[in-house]
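# Sequence isn't available, so here's the structure alone:
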């Protein structure tokens, strides 16, 4: 055996020597044939390959590759619908991380494009119906001072609401909400990417200055109408992601015709429900989708808010954590992504003045499934804003059925 190993070593060494002797000297190396070009031509790429097109996985990050502007400083920038990030998460009571939500949702939208926005469910491309839609970046909120951050978010939102719309008298806004505005004018609509749910309080304060009290459609696992928590001894400490609706009711920012959808959290007792009703909400629980079905839930939501100006707020934890794990306060037994999307489609034609999606905390995500779901729901919001009625089901579809 020793002889065989020695012989093998000699053979290998000999092979290396022979291979080295056959190697082409570097001085004799000839480069492969290449196009003749001027290495100092600054337009070389443009001439040979054309435009520098961003691929779905590359390029600067904006929602759905939309035009991106720093709208808070570019005060002449106009639009009909703006996507705005609010990376605030210091109002949470459990797991933080939603400050990274706007980035994650934009990242989850990378496969979306204006030119590929048509969906079989909506039967429209929201980017091709005449509304100018842009990404306005993020509000630079303070992570150190919640009172300052809340004011920054309100001022930022108000700054965008004050812009003139682009599609004036074009008939593409549906329905027209100027009838509710105190100045009788059409105002842009903002889709806000949270951030934790606290961001809705400054948003409602801003909307109140333009429209007065609004009805709220609230998709969530939790009520978010609690009056306070133990130890909240200062005025600012009362402002959290679980108390903001109670505070909004105290300030007269909401009508008494608001509604929750997807509730399934544990409560202290029946007193929480009674308090919730006093804030102005009706309840649709997560189990109601089995007992009532999608169509009846849609009917109840539409009947509740009626013809009032409507704000839609969607906490990603309304979706079951098996399908959307990246959130701060997950609750088992939630709706599926498809159920939520079907309900949203059924709400088209209401008088929406704005919408948000909140509580996406990507540190807890797996394969971006939460971020992708959130980005897809934002696309639904866009379609919901620019259509006059829910999309019609095929004639042979039969009655709407839920997941089970």
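Everything's here; your move. Please read these numbers as outputs of a predicted model, since none were measured by experiment.

# Show me the helices in the stretch 1-150 of the chain, by range?
2-22, 44-49, 101-108, 146-161 (DSSP state H, counting those that start in this stretch).

# How about residues contacting the third one?
Read that as helix 101-108. The contact list for helix 101-108 (C-beta atoms under 8 Å, 6 or more residues apart in numbering) reads 61-63, 85-87, 89, 135, 138, 193-195, 326, 357-362, 365, 368, 370-376, 378. All C-beta atoms are positioned from the backbone trio N, CA, C, and that covers glycine.

# and if we set it to 7 Å?
Where contact means C-beta atoms under 7 Å, 6 or more residues apart in numbering, the residues beyond helix 101-108 that reach it are 61-63, 85, 87, 138, 193-195, 357, 360-362, 368, 371-372, 374-375, 378.

# Report the mean per-residue pLDDT for it.
Averaging pLDDT along helix 101-108 yields 98.

# Quick one: distance of that helix to the chain centre.
Relative to its parent chain, helix 101-108 has a centroid offset of 7 Å by C-alpha atoms, centre = their mean, to the nearest Å.

# Next: the last one.
For helix 146-161, the separation from the chain centroid amounts to 19 Å (computed by C-alpha atoms, centre = their mean).

# Quick one: list the elements packing against that helix.
Applying 3 or more C-beta pairs under 7 Å, 6 or more residues apart in numbering; DSSP states H and E, one finds that helix 146-161 makes contact with strand 81-86, helix 200-211.

# Let's see that with 8 Å instead.
If you count contacts as 3 or more C-beta pairs under 8 Å, 6 or more residues apart in numbering; DSSP states H and E, helix 146-161 packs onto strand 81-86, strand 189-194, helix 200-211.

# What residues sit buried inside stretch 70-87?
Buried residues in stretch 70-87, counting neighbours by 16 or more other C-beta atoms under 10 Å, are found at 71, 72, 77, 79, 80, 81, 82, 83, 84, 85, 86, 87.

# of the residues you listed, closest to residue 187?
Nearest to residue 187, judged by C-beta to C-beta, of the buried residues of stretch 70-87 is residue 80 at 9.7 Å.

# Give me the nearest residue to the closest one, chain neighbours excluded.
Closest residue to residue 80 apart from its sequence neighbours, by C-beta to C-beta, 6 or more residues apart in numbering: residue 131 at 4.0 Å.

# how near is the one you found to residue 185?
From residue 131 over to residue 185 the distance is 16 Å, taken as C-beta to C-beta, to the nearest Å.

# The two - which one has more neighbours?
Shown here are residue 131 and residue 185; by other C-beta atoms under 10 Å, residue 131 has more neighbours (22 against 12).

# Once you drop chain neighbours, what's closest to residue 114?
residue 127 (4.1 Å).

# For the stretch 251-400 of the chain, just list every one of the strands.
Secondary structure of the stretch 251-400 of the chain (DSSP state E, counting those that start in this stretch): strands at 258-261, 281-282, 309-315, 351-358.

# Which of those sits closest to residue 98?
For residue 98, the closest of those is strand 351-358, at 6.9 Å, according to C-beta to C-beta.

# Report the inter-axis angle for the closest one versus strand 309-315.
If you take axes from the mean of the first three to the mean of the last three C-alpha atoms, to 10 degrees, strand 351-358 sits at 10 degrees to strand 309-315.

# Direction included, what does strand 351-358 pair against?
Strand 351-358 has the following strand partners under DSSP bridges: strand 189-194 (parallel), strand 309-315 (parallel).

# What are the contacting residues of the first one?
When contacts are defined by C-beta under 8 Å, 6+ apart, strand 189-194 is touched by residues 63, 80-86, 88, 98, 101-102, 105-106, 136, 157, 160-161, 199, 203, 352-360, 374, 378, 381-382, 385.

# One more: stretch 200-207?
Where contact means C-beta under 8 Å, 6+ apart, the residues beyond stretch 200-207 that reach it are 150-151, 153-154, 157-158, 161, 190, 192, 214, 216, 239, 244-245, 247-248, 251, 253-254, 309, 311, 313, 353-354, 356, 358.

# how about stretch 122-131: buried residues?
122, 124, 125, 126, 127, 129, 131.

# Now render those as TSV, adding pLDDT and distance to residue 304.
What follows is the buried residues of stretch 122-131, written out as TSV (pLDDT from 0 to 100; distance: C-beta to C-beta, whole Å):
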residue	pLDDT	distance to residue 304
122	96	23
124	95	26
125	96	30
126	96	25
127	95	30
129	92	27
131	94	27
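
# Would you tell me which one of the residues you listed comes nearest to residue 393?
Nearest to residue 393 among the buried residues of stretch 122-131, with distances taken as C-beta to C-beta, is residue 122, at 12.1 Å.
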